[in-house]
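quick one: sequence and predicted model below, then my questions.
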Amino acid sequence: PSGRASEYEWGGGFQVGMFYIVNDAWRVGSSFKSNQWISTFHYDGKDENGLPRQMSADFDLKMIISVGTSYIPMENWLIALDIRYIDYGNTDGVGDAAVFQPDGRLGGLDWSSVVATALGVQRKIGDTFAVRGGYTYNQSPLKDSEAFYNIASSLFYEHMLSSGFSYTPNRSLSFNAAYSHMLENTLSGPLVSPVSGPVPGSNFTSSMSADFFSAGISVFY
């Protein structure tokens, strides 16, 4: 359509998983999400003389392997643990080396594969109310030396604290709310010239922290 700088592309992948109830107290599960293979993105632009120019970028979405378990230590209590391996390092585009090509193009973003862990606890109070708390730790796929190459990339939180509750007045209705705080994370490194490499004495820093609140209503038929 008019005014859209990129063309439509296509992609695909697959996901499989399993869930097993060991006994009344323990449950385990796992899943495998393949790379989402996407055709090369093409963009219409202009060169330095204002003439039409087509640009391209090759990016896929990462593979994710997940395992998890839940445990009921006593009545009204639930503890859950998830561990995920996120394979950024072998994903086209984000995992390719962050080096400039002879024509000035950037080869990739040089992200590393990471492990993420999440732990949550739930306590039911009576038949209608439940409170929850959780902690998440993510390894960052970005190193300080890659800060300049990832100016336009989303920053990653490493630590997140969460809390929430559910109110279920009857079997057909549930009100849910949650709050999370992502602790500040900072990425800092030198500016990089495509010709001469890191610029001596230069520094680029970006940081992020976030708070978000969500609420919803579930209706069961």
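Okay, I see it.

give me phi/psi at the residue of the chain most remote from its centre?
Distance to the chain centre peaks in the chain at residue 49, reaching 38.9 Å (criterion: Cα atoms, centre = their mean). Recorded main-chain torsions at residue 49 are phi -100, psi 0, according to degrees, to the nearest 10.

what's around residue 66, how many residues?
Number of residues near residue 66 (other Cβ atoms under 10 Å) recorded here: 16. Yep, even glycine has a C-beta here, placed from its N, CA and C like the rest.

got the contact list for stretch 108-117?
Under the contact criterion Cβ atoms under 8 Å, 6 or more residues apart in numbering, stretch 108-117 has outside partners 81-91, 93-99, 136-143, 146, 149-150, 153.

what sits against residue 198?
Taking Cβ under 8 Å, 6+ apart as the test, what residue 198 contacts is 190, 191, 192.

in ChimeraX, how would I select just the buried ones from these?
Applied in ChimeraX, the following selects the buried portion of the contacts of residue 198 according to 16 or more other Cβ atoms under 10 Å:
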select :190,192
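
which one of the contacts of residue 198 is nearest residue 105?
Looking at those and their distance to residue 105, the nearest is residue 192, at 13.7 Å (Cβ to Cβ).

helix or strand for the most centrally placed residue in the chain, which one?
The residue lying closest to the centre of the chain (Cα atoms, centre = their mean) is residue 156, at 7.7 Å. When elements are defined using DSSP states H and E, residue 156 is found to belong to no helix and no strand.

my read: it touches residue 186, true?
No. Checked against Cβ atoms under 8 Å, the pair residue 156 and residue 186 is beyond contact range at 11.0 Å.

so where's this structure shaky on pLDDT?
Judged by pLDDT under 70, the chain has its weakly predicted residues at 1-6.

quick check: bridge partners of residue 185?
Beta-bridge partners recorded for residue 185 (DSSP bridges): residue 208.

ok, now how distant is it from residue 156?
Going from residue 185 to residue 156 by Cβ to Cβ, to the nearest Å gives 7 Å.

between the two, which contacts overlap?
residue 140.

what helix or strand does residue 56 sit in?
Element membership of residue 56, judged by DSSP H and E, is strand 52-57.

so what touches that strand?
For strand 52-57, the external contacting residues (Cβ under 8 Å, 6+ apart) are 40, 41, 42, 43, 44, 45, 46, 47, 93.

for those, pick the one with the most neighbours.
residue 93 (18 neighbours).

what's around the closest residue to that one other than its chain neighbours, how many residues?
Nearest-residue entry for residue 93: residue 59, 3.4 Å, with adjacent residues in sequence omitted and distances by Cβ to Cβ, 6 or more residues apart in numbering. Using other Cβ under 10 Å, residue 59 has 18 other residues around it.

need the three-state assignment for residue 59.
Secondary structure assignment for residue 59 (DSSP: H, G, I helix; E, B strand; the rest coil): coil.

next up, the contacts around it.
Residue 59 neighbours (Cβ under 8 Å, 6+ apart): 38, 41, 92, 93, 94.

what is the burial count for the residue nearest to residue 173 when sequence neighbours are not counted?
Computed as Cβ to Cβ, 6+ apart, the closest residue to residue 173 that is not its neighbour in sequence is residue 219, at 6.1 Å. Using other Cβ under 10 Å, residue 219 is surrounded by 7 other residues.
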